[in-house]
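Engineer: sequence plus predicted model, see below.
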Amino acid sequence: MNHNPYACNKVPEITSCKCCAQTSTLVGVVDFSRCGADVHAGKKVDPYAGWPVYFYRCGACGFTFTRALDNWSAEDFATHIYNDDYVRHDPDYLGARPRSNADLIMHNMGSVRERTSLLDYGSGMGLMTEILEQNGFDSVASFDPFSSTRRPDRQFNMVTCFEVFEHVQDPIALVKDINRFLSPDGAVLFSTLLCTPQAVDGGLHNWWYCAPRNGHISFYTLEALTALAARFELRVLSFSDGLHAMYRPQIAEWLKPFIPSNG
């Protein structure tokens, strides 16, 4: 019998998709240390971790993901990703991104601020909702599964979820949890960069958005988001490669101006 010395380290060649449950095959591998600091410097600046993170891509919906962190606990994420060094890999986290997201909401939804109850899911330090409160949004709340000590006990007609979808190892659990916060006429506004065939074909180790040390481990296509939303009777609207919405058939007032007439 031939003995394969690498068999003990081998990952499965196929697995089931986390969004649509169809067959997914290996498409790339990235060292866990790949991070925002590397991307900003344009070269490898952090030492290699020696931990290969293998990625799969679904042949049906195109979802690209790893199973390397499937068994991680919240404590594992806090220790290895969301620690004191995290801001070095994602400097926009401290202020630039919350301000930009608040500006987006105020510019596009400012006219309905008095009729909008808003939850920022995955809010970090809650800076975005602080800015919105200062600008006339009087029904806002923040919640971050990793850092919040108190979970809101009510529903909202607008849930924002900026740069969260790519961080989770279980996208179904994420949307299920968000859906609990949605009122019957609620909708989700969220950002995550879509993963194109070109990003995969060019090598995930070359795609700036694929950065396990930043917590970027799940990458979607519009088809994957649609399959994910359909599990909860939600629909998907994509404004761009990076900004999207999930909404109910009973469309939220704040979202109606953006829905196509055949939507």
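Structural biologist: On my side now, so go ahead.
Engineer: name the residues of the helix or strand of the chain with the lowest mean pLDDT that are buried.
Structural biologist: Within the chain, no helix or strand scores below helix 86-89, which has a mean of 88 by mean pLDDT, DSSP states H and E. Across helix 86-89, burial judged by 16 or more other C-beta atoms under 10 Å covers Tyr86, His89. For the C-beta atoms, the positions are set from N, CA and C on the backbone; glycine is no exception.
Engineer: now it - C-alpha only, CSV.
Structural biologist: In CSV, the C-alpha atoms belonging to helix 86-89 read as follows (Å, rounded to 0.1, in the frame of the first residue of the first chain):
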residue,chain,number,x,y,z
TYR,A,86,-6.8,44.9,14.4
VAL,A,87,-6.9,48.6,13.7
ARG,A,88,-3.5,48.5,12.1
HIS,A,89,-5.0,46.2,9.4
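Engineer: so what secondary structure elements neighbour it?
Structural biologist: helix 36-41 (3 or more C-beta pairs under 8 Å, 6 or more residues apart in numbering; DSSP states H and E).
Engineer: in the helix it packs on, what counts as buried?
Structural biologist: Result for helix 36-41 [16+ other C-beta under 10 Å]: buried residues Gly36, Ala37, Asp38, Val39.
Engineer: name the residues that touch the least confident helix or strand of the chain?
Structural biologist: Contact with helix 86-89 is made by Cys35, Gly36, Ala37, Tyr93, Leu94, Ala211, Arg213, Asn214, as judged by C-beta atoms under 8 Å, 6 or more residues apart in numbering.
Engineer: re earlier: which of the buried residues of helix 36-41 lies closest to Gln134?
Structural biologist: Gly36 (28.5 Å; C-beta to C-beta).
Engineer: how close does the closest one get to Val164?
Structural biologist: 16 Å (C-beta to C-beta, to the nearest Å).
Engineer: including distance to Val45 and pLDDT, could the contacts of helix 86-89 go into CSV?
Structural biologist: CSV is the format used below for the contacts of helix 86-89 (distance: C-beta to C-beta, whole Å; pLDDT from 0 to 100):
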residue, distance to Val45, pLDDT
Cys35, 8, 95
Gly36, 10, 91
Ala37, 5, 92
Tyr93, 18, 71
Leu94, 20, 72
Ala211, 13, 97
Arg213, 11, 97
Asn214, 14, 95
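Engineer: out of these, which are buried?
Structural biologist: The buried subset of the contacts of helix 86-89 (16+ other C-beta under 10 Å) comprises Cys35, Gly36, Ala37, Tyr93, Ala211, Arg213, Asn214.
Engineer: got CSV for those residues, with distance to Val175 too?
Structural biologist: Supplementary listing: these in CSV, determined by distance: C-beta to C-beta, whole Å:
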residue, distance to Val175
Cys35, 27
Gly36, 26
Ala37, 30
Tyr93, 23
Ala211, 23
Arg213, 25
Asn214, 21
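Engineer: tell me what whichever strand or helix holds Met246 is packed against?
Structural biologist: Using DSSP states H and E, Met246 sits within strand 243-247. When contacts are defined as 3+ C-beta pairs under 8 Å, 6+ apart, strand 243-247 sits against strand 182-191, helix 222-230, strand 235-238.
Engineer: who's in contact with that strand?
Structural biologist: Residues contacting strand 243-247 (C-beta under 8 Å, 6+ apart): 175, 178, 186-192, 225, 229, 234-239, 255, 258-259.
Engineer: try it again at 7 Å.
Structural biologist: 187-191, 225, 229, 234-238, 255 (C-beta atoms under 7 Å, 6 or more residues apart in numbering).
Engineer: can you pull out the strands in the chain?
Structural biologist: Here the chain has its strands, by DSSP state E, at 14-16, 23-31, 52-58, 64-66, 118-121, 140-143, 156-162, 182-191, 218-219, 235-238, 243-247.
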